[in-house]
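**Student:** coordinates for the following, if possible.
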Amino acid sequence: MKQYKAGRYISTESVFMNKSVAYRYFLPSHINREFKLENTKIIPILEEAVRLLGELNAYGSLIPDINFFIQMHIASEAVSSSKIEGTKTNMDDIFLKKEDIAPEKRNDWQEVKNYISALNQAIKDLKELPVSERLIKQTHKILLSGVRGKHKKPGEIRNSQNWIGGASINSAHFIPPHHSHLPNLISDWEKFWHNKAINVPVLIKIAVGHYQFETIHPFLDGNGRVGRLLITLQLIERGFLQHPVLYISNFFETHRQQYYESLDRVRQTNDLEQWILFFLDGVINTSKQAKKTFKDILKLREILEGKILTLGRRSKAGKQLLIYLFSQPIINVKTASRVLGVRYASANKLIQQFAHLNILKEKTGFSRNRLFVMSDYLGLFKS
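**Tutor:** Alright, predicted model coming up:
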């Protein structure tokens, strides 16, 4: 890797706002090649990351009703990934209905909801379609539909110059490659990921591929979110995870400045190894946290099921409601009535009993249109 050259700057001139502007864009080197790990520090860290991912995958596979918990992991990943881009929706908001969101927050809320929809659909599509340009474009289209980026060609590779940071290209922090290079660069990225003839460990491939994708910046908007979403898809496609339970965007969001600086450092100094170390540290950190969250969920579930047993003849409906709350931890009586298939009065009675047992807490303070939250469970994903 010490021989690795990230790319080169190319001077050009284009017309922006009816004015000819001279600028330099960065053209990354192709990555479909061998990468020899010369930094011996990487090997034990890579082994630790693979081991912890395996533990997390096995742990998740053993949990009963795992699919009810998956949506919380996806929501956590969506919230964190969107926060990196400046979106201000939190875990409490994402489980509310649109009409319960303040008008000034609805755009941010919708962007996170789109991320959840995009990831869910992409995971389904993986059964028929490999990680590829086609899958990436389909995912991007869902991500940007009906939100602030809807006019920036959702689902289409850009055919104009973009830039990162700065009010104009003149003050840009970074200028990705000219769009004329994109077909070649995207093809190289795709070939690298699927190239079984080169001896590159999967996690190293994902790390290198993430750096390259963020450098190519193939869309006019949404590149960061798509790039982070791809990490989950690649782990699932290669069998490292059966379910999307690694919310690595939380690590990137917590260490946002270091995340950006590490990507920049590759372009500026060719130091790809420091980015790989940062990425693997994120996998290790997030795997440990996700496993701890699963353990905490199981403990909490045992406690809550114990409380529900005190409900007597309502305990069966109580268990049914509890399972639903593990995927949708904020609820109103009307929704509970629909989920349980009972009358409003019966659902209201059960909700009140859940509140009395401190399973649910009323969060609006209203006498009507009340919302109840399973705050102890939600808190496990906010810590």
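**Student:** just the helices in the stretch 51-200 of the chain please.
**Tutor:** 66-84, 91-94, 106-125, 133-144, 182-194 (DSSP state H, counting those that start in this stretch).
**Student:** how about JSON lines for those, with mean neighbour count added?
**Tutor:** Glycine gets a C-beta too; all of them are placed from N, C-alpha and C. Formatted as JSON lines, these follow (neighbours: other C-beta atoms under 10 Å):
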{"stretch": "helix 66-84", "mean neighbour count": "22"}
{"stretch": "helix 91-94", "mean neighbour count": "19"}
{"stretch": "helix 106-125", "mean neighbour count": "20"}
{"stretch": "helix 133-144", "mean neighbour count": "20"}
{"stretch": "helix 182-194", "mean neighbour count": "17"}
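**Student:** which stretch among these comes nearest residue 334?
**Tutor:** Among those, the nearest to residue 334 by C-beta to C-beta is helix 91-94 (19.4 Å).
**Student:** who does the closest one touch, helix- and strand-wise?
**Tutor:** helix 66-84, helix 106-125 (3 or more C-beta pairs under 8 Å, 6 or more residues apart in numbering; DSSP states H and E).
**Student:** what mean pLDDT does the last one get?
**Tutor:** Right, the one you point to is helix 106-125. Summarised as a single mean, pLDDT over helix 106-125 is 93.
**Student:** ok, residues contacting that helix?
**Tutor:** 71, 74-75, 77-79, 81-82, 87-89, 93-94, 96, 98, 101, 135, 138-140, 142-148, 225, 229, 232-233, 236, 244 (C-beta atoms under 8 Å, 6 or more residues apart in numbering).
**Student:** do that again at 6 Å, thanks
**Tutor:** Counting by C-beta atoms under 6 Å, 6 or more residues apart in numbering, helix 106-125 makes contact with 74, 78-79, 82, 87-89, 93-94, 101, 135, 139, 142-143, 147-148, 229, 233, all of which sit outside it.
**Student:** what's the answer for stretch 171-189, then?
**Tutor:** With C-beta under 6 Å, 6+ apart as the test, stretch 171-189 has contacts from 23, 25, 27, 30, 32, 133, 157-159, 163-166, 212, 216-218.
**Student:** CA atoms only: put that stretch into CSV for me.
**Tutor:** Extracted in CSV, the C-alpha atoms of stretch 171-189 (Å, rounded to 0.1, in the frame of the first residue of the first chain):
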residue,chain,number,x,y,z
SER,A,171,-14.4,28.2,-2.6
ALA,A,172,-14.9,24.5,-2.7
HIS,A,173,-13.2,22.3,-0.1
PHE,A,174,-12.9,19.4,-2.6
ILE,A,175,-13.9,19.0,-6.3
PRO,A,176,-14.6,15.4,-7.3
PRO,A,177,-13.7,14.1,-10.8
HIS,A,178,-15.3,15.6,-13.9
HIS,A,179,-18.4,13.7,-14.9
SER,A,180,-16.8,12.5,-18.2
HIS,A,181,-14.6,10.1,-16.0
LEU,A,182,-17.6,8.6,-14.1
PRO,A,183,-18.4,5.6,-16.3
ASN,A,184,-14.8,4.4,-16.1
LEU,A,185,-14.5,5.0,-12.4
ILE,A,186,-17.8,3.4,-11.4
SER,A,187,-17.0,0.4,-13.6
ASP,A,188,-13.6,0.1,-11.9
TRP,A,189,-15.3,0.3,-8.4
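**Student:** among the helices and strands packed on helix 91-94, which comes closest to residue 265?
**Tutor:** helix 66-84 (17.7 Å).
**Student:** what mean pLDDT does the closest one get?
**Tutor:** For helix 66-84, mean pLDDT is 87.
**Student:** who are the packing partners of it?
**Tutor:** helix 106-125, helix 249-254 (3 or more C-beta pairs under 6 Å, 6 or more residues apart in numbering; DSSP states H and E).
**Student:** so how far is the longest one from its chain's centroid?
**Tutor:** In terms of C-alpha atoms, centre = their mean, to the nearest Å, the gap separating the centre of helix 106-125 from the centre of its chain is 9 Å.
**Student:** that helix versus helix 133-144: what angle between them?
**Tutor:** On the basis of axes from the mean of the first three to the mean of the last three C-alpha atoms, to 10 degrees, helix 106-125 is oriented at 150 degrees to helix 133-144.
**Student:** sounds good, over and out.
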